[in-house]
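Trainee: only geometry, no sequence info:
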């Protein structure tokens, strides 16, 4: 038996002999540094929980299903109470969607719980391991004859024994490879059935810059291939030889990756770019299909820029100008075929433009990806998923992990009818005072630091502390709306936010003592991620699809927020500050010295 230490990049599962096998993809640390690794865990089983109506009858009914391997009792916290649940272990993850409705419909069953947590995410949570962090495993490397899936010869496939051990590790240094394609499109919008790819540009964070094309050029970074098929094959070869951890594109989920897939299929080119030898796969994420490469993380920066930047347009050129203050080379999309057909200087400009696109993607990635990577290390879900999650989804998965850590049951997602009912309910927002027209001087700003998170903590606002009635001395009562929250014990969400804010304070203290700019930059990204996570907690209370949804919590938080800012404005007025504008968590005021107030009264 030997040990392997690796950076966890991605995770999925496959089926061997009708059993689920977890696969963890990573890069080895220590000996064989940087070599790709696939770790197999054949021992993890899927499970769900059942709330029985009739305990004996329920156990008897459940044991009648061939797909159920084991039925046992589990004690879990749920909405402030300790309850007993039946834990059902199944043979295969696909048995969960197959059986859940049948189990739910049993007369002996009241409800089923935690049936909608994907198997690979369940594994990350239960084993307390985090993507983008190091993990140590014991076991043995497998020879080629023992591997039941396609795999590159230089990839170590490792069968694990025992439990994976999370390692407290620094932010990993990852190899990134950015790519961009150009298409000859004389009829307007490119059509993959007929319009060929004419260039594939590549740029890395370690110095690689290359444009693949079927036309020649004196430019050193241009590599000429005989045909489009050869160009696609060379693209695959470069990915395999460079072995990047991240493949980065811009609008690549919607354009580059589907187009490459379609052209490769038409030209009979195998796109075996996954570390397991697999090709491109497309998975539903939100409202779109996302391109997945096994063992490498495909990131579409377009999605992240829409999350992090407030712009009028999100073209690559516009984003690059916003972040770096300079214009990048541009060729109008509907003129690309003319630059290609005319050759000469126009073709040289097209080559430069194509490479410039890939280089711009690399630079944007270096600047903007660390925050999303830090979310991965905090939330504990794969970077591929995090890069495509809304902030509310990240909050939910963070809370799911925390619920498991403290032994709490995770609430179910709302049913269709529950969702429809919730959609019609909206909590009143923060207090807004329209600006006083005119030119003002002696302006000061008042700002509540982390107002809503602070309210949730100080008033213990949480679904598990919300009560209909209680002694006034034992609860907080929200102004205007009258919702009541127990002062003790500390609620689930307030405890989580409190820990986030404490950790942020600790990191900011570390920042002040940082020994170099790199350490300070890493710590700054960490505290930014924690701040965004904490500030997003309030909003999801009123989000219709949220597992911990309670509109009363959202209403109470904003009611206290309005109350605090109004009272602060009145108090400030006593000291000569006149509010001229207010919005949610702060206000602007002009300062009128007392002597001026006295003079105004005399005049």
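Mentor: Happy to help now that I have it. Predicted model, so just to flag it, every value in this text is computed and none were measured. Residues are numbered from 1 along each chain as shown.
Trainee: contacts, neighbours, all on C-alpha from now
Mentor: OK.
Trainee: Pretty sure residue 443 sits against residue 587.
Mentor: No. Contact criterion CA atoms under 8 Å: residue 443 and residue 587 do not qualify, at 10.4 Å.
Trainee: quick one, which of the two is more surrounded?
Mentor: The residue with more neighbours, out of residue 443 and residue 587, is residue 587; 22 against 14, by other CA atoms under 10 Å.
Trainee: Ramachandran angles for residue 467?
Mentor: Here is the backbone geometry of residue 467 (degrees, to the nearest 10): phi -130, psi 160.
Trainee: For it, give its distance to residue 113.
Mentor: Residue 467 sits 23 Å away from residue 113, going by CA to CA, to the nearest Å.
Trainee: So those two - more neighbours on which side?
Mentor: More crowded of residue 467 and residue 113, by other CA under 10 Å: residue 113, with 21 against 12.
Trainee: bridging residues for the more buried one?
Mentor: With DSSP bridges as the criterion, residue 113 is bridged to residue 49.
Trainee: unless I'm mixing things up, residue 480 is touching residue 557, no?
Mentor: No. The criterion here is CA under 8 Å, and residue 480 misses it with residue 557 at 11.0 Å.
Trainee: if you count what's nearby, which of those two comes out ahead?
Mentor: Taking other CA under 10 Å, residue 480 and residue 557 do not tie; residue 557 has more neighbours (29 against 12).
Trainee: check which helix or strand covers that one.
Mentor: Residue 557 belongs to helix 551-574 when assigned by DSSP states H and E.
Trainee: Could you list every helix and strand in contact with that helix?
Mentor: helix 451-458, helix 517-541, strand 577-583, strand 586-591 (3 or more CA pairs under 8 Å, 6 or more residues apart in numbering; DSSP states H and E).
Trainee: Give me the contact list for stretch 535-547.
Mentor: Counting by CA atoms under 8 Å, 6 or more residues apart in numbering, the neighbours of stretch 535-547 from elsewhere in the structure are 391-392, 395-396, 410-414, 419, 422-423, 426-427, 450, 452-453, 456, 497, 548-551, 553-554, 557.
Trainee: go on, stretch 314-334?
Mentor: Residues contacting stretch 314-334 (CA under 8 Å, 6+ apart): 185-186, 188-189, 250, 302, 305-306, 350, 352-353, 356-357, 360-361, 364.
Trainee: Of all the residues you listed, the one with the weakest confidence?
Mentor: Scanning the contacts of stretch 314-334 for pLDDT, the low point is residue 188. It has 82.
Trainee: Just the helices from the stretch 301-450 of the chain, written as ranges.
Mentor: For the stretch 301-450 of the chain, the helices defined by DSSP state H, counting those that start in this stretch cover 301-308, 316-324, 336-342, 344-379, 383-386, 391-405, 416-423.
Trainee: Count the neighbours of residue 262 for me.
Mentor: Residue 262: 14 neighbours (other CA under 10 Å).
Trainee: my read: it touches residue 191, true?
Mentor: No. At 9.8 Å, residue 262 does not count as touching residue 191 under the criterion of CA under 8 Å.
Trainee: Relative to residue 244, which of the helices of the stretch 301-450 of the chain is closest?
Mentor: Set against residue 244 and scored by CA to CA, the helices of the stretch 301-450 of the chain come closest in helix 344-379, at 12.7 Å.
Trainee: and the angle for the closest one with helix 316-324?
Mentor: Orientation check (axes from the mean of the first three to the mean of the last three CA atoms, to 10 degrees): helix 344-379 against helix 316-324 gives 60 degrees.
Trainee: roughly how far is helix 344-379 from the heart of the chain?
Mentor: Remark: helix 344-379 is offset 20 Å from the chain centroid, using CA atoms, centre = their mean, to the nearest Å.
Trainee: Next, the buried residues of that helix.
Mentor: Within helix 344-379, the residues that count as buried by 16 or more other CA atoms under 10 Å are 346-365, 368, 370-379.
Trainee: In contact with residue 21, which residues?
Mentor: 13, 14, 15, 40, 41, 42, 43, 44.
Trainee: ok, now residue 37?
Mentor: 6, 24, 25, 26, 27, 28, 155, 156, 157, 158.
Trainee: So among these, which ones count as buried?
Mentor: 6, 24, 25, 26, 27, 28, 156, 157, 158.
Trainee: Tell me which of these fall in strands.
Mentor: Among those, the ones falling in strands (DSSP state E) are 6, 24, 25, 26, 27, 28, 156, 157, 158.
Trainee: my guess is the last one meets residue 36, correct?
Mentor: No. When contacts are counted by CA under 8 Å, residue 158 is not listed as touching residue 36 (10.8 Å).
Trainee: Residue nearest the middle of the protein, spatially speaking?
Mentor: residue 386 (1.8 Å; CA atoms, centre = their mean).
Trainee: Roughly how far does the nearest residue to that one once chain neighbours are set aside sit from residue 219?
Mentor: Closest residue to residue 386 apart from its sequence neighbours, by CA to CA, 6 or more residues apart in numbering: residue 376 at 6.3 Å. Distance of residue 376 to residue 219, given as CA to CA: 40 Å.
Trainee: Now do the contacts for residue 423.
Mentor: Here residue 423 is in contact with residue 544 (CA under 8 Å, 6+ apart).
Trainee: and if you look at residue 83?
Mentor: Counted by CA under 8 Å, 6+ apart, residue 83 has contacts 75, 76, 77.
Trainee: Any of those residues buried? List them.
Mentor: Judged by 16+ other CA under 10 Å, buried ones among the contacts of residue 83: 76, 77.
Trainee: Which ones among the contacts of residue 83 map onto helices?
Mentor: Members of these lying in helices (criterion: DSSP state H): none.
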